[in-house]
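Asker: The following comprises the amino acid sequence and a computationally predicted model.
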Amino acid sequence: QLPEAAAARRLRRLLNEAQMVLHQHPANQQRDDAGRATINSLWLWGAGRLPQRCPDQFSDVWSDLALARGCGRAAGSQVHSLPDGAAALLTQAEHGGRHLLVVDALQTAVQYENGAAYRAALLELERNWFSPLQAALAGGRVQGLRLQAPTAYGMLSWESDRRAQWKLWRRPQPLAAIAQTLAAAAP
């Protein structure tokens, strides 16, 4: 059920216009001619109240994903489009803030199980994001980094701060070893 408040008039008008567009769309006319059910409406829901604001986790959210942007707004964070890379981010971002970046550069390659596209996207992430952010961390421009990446086996998490750069006895694990560890821990 749509809200009845005066502020909801625009929403009801948009829904009515969407129904007219759907009714006149050639795909629906083809479905009707073929004796199939037409798609003639949208079901809008979620007209309830927003939850209380959560505590400020991040001063800024940087993403082009609607869900991340919406969550950032709901949390009271400043929301920005994702820059082309870390160099642009570091010039735009407020120094000293807690920033959340939501980057989905690997999503399409993973969904379509395209290994070549995955490797190319991973190299681009390394070039545009990981390497410049690591250099900014080592140079003191960034105080800490946390990377979280969902995988088929679980959440891959990595954290580093400026002091960790001096832990030379810790050798980086190859990606294959990380994948094996995640696979072994999967339910």
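Answerer: Perfect, I can see it now.

Asker: residue boundaries of the strands in this protein?
Answerer: Using DSSP state E, the strands of the chain run over 60-62, 78-80, 99-101, 144-150, 155-161.

Asker: Give the rounded mean pLDDT of the second one.
Answerer: Per-region confidence: strand 78-80 scores 96 on mean pLDDT.

Asker: longest helix anywhere in the chain?
Answerer: Using DSSP state H, we find that the single longest helix of the chain is helix 9-24.

Asker: list the helices and strands it packs on?
Answerer: Where contact means 3 or more CB pairs under 8 Å, 6 or more residues apart in numbering; DSSP states H and E, helix 9-24 is not packed against any helix or strand. Backbone N, C-alpha and C define where each C-beta goes, glycine included.

Asker: Give me the buried stretch members for that helix, please.
Answerer: Residues of helix 9-24 classed as buried by neighbour count (16 or more other CB atoms under 10 Å): none.

Asker: Mean confidence (pLDDT) on it, please.
Answerer: 85.

Asker: ok, now stretch 117-135?
Answerer: Here the average pLDDT along stretch 117-135 is 93.

Asker: centre of the chain versus that stretch, how much separation?
Answerer: 16 Å (CA atoms, centre = their mean, to the nearest Å).

Asker: in that stretch, what's buried?
Answerer: 118, 121, 128-129, 132-134.

Asker: just stretch 93-109 next, same as before
Answerer: 93, 99-101, 103, 109.

Asker: now for those, which pair is the farthest apart?
Answerer: 93 and 109 (27.1 Å; CB to CB).

Asker: quick one, what contacts residue 57?
Answerer: 75, 77, 98, 100 (CB atoms under 8 Å, 6 or more residues apart in numbering).

Asker: any chance of the buried residues of stretch 93-109 in JSON lines, with distance to residue 14 and pLDDT too?
Answerer: Shown next, in JSON lines, are the buried residues of stretch 93-109 (distance: CB to CB, whole Å; pLDDT from 0 to 100):
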{"residue": "93", "distance to residue 14": "35", "pLDDT": "93"}
{"residue": "99", "distance to residue 14": "34", "pLDDT": "95"}
{"residue": "100", "distance to residue 14": "31", "pLDDT": "95"}
{"residue": "101", "distance to residue 14": "32", "pLDDT": "96"}
{"residue": "103", "distance to residue 14": "31", "pLDDT": "95"}
{"residue": "109", "distance to residue 14": "35", "pLDDT": "92"}
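
Asker: show me where pLDDT drops low in the chain?
Answerer: Per-residue confidence for the chain (pLDDT under 70) gives these ranges: 1-3, 44-48, 50-51, 53, 55-56, 153, 168-169, 182, 185-187.
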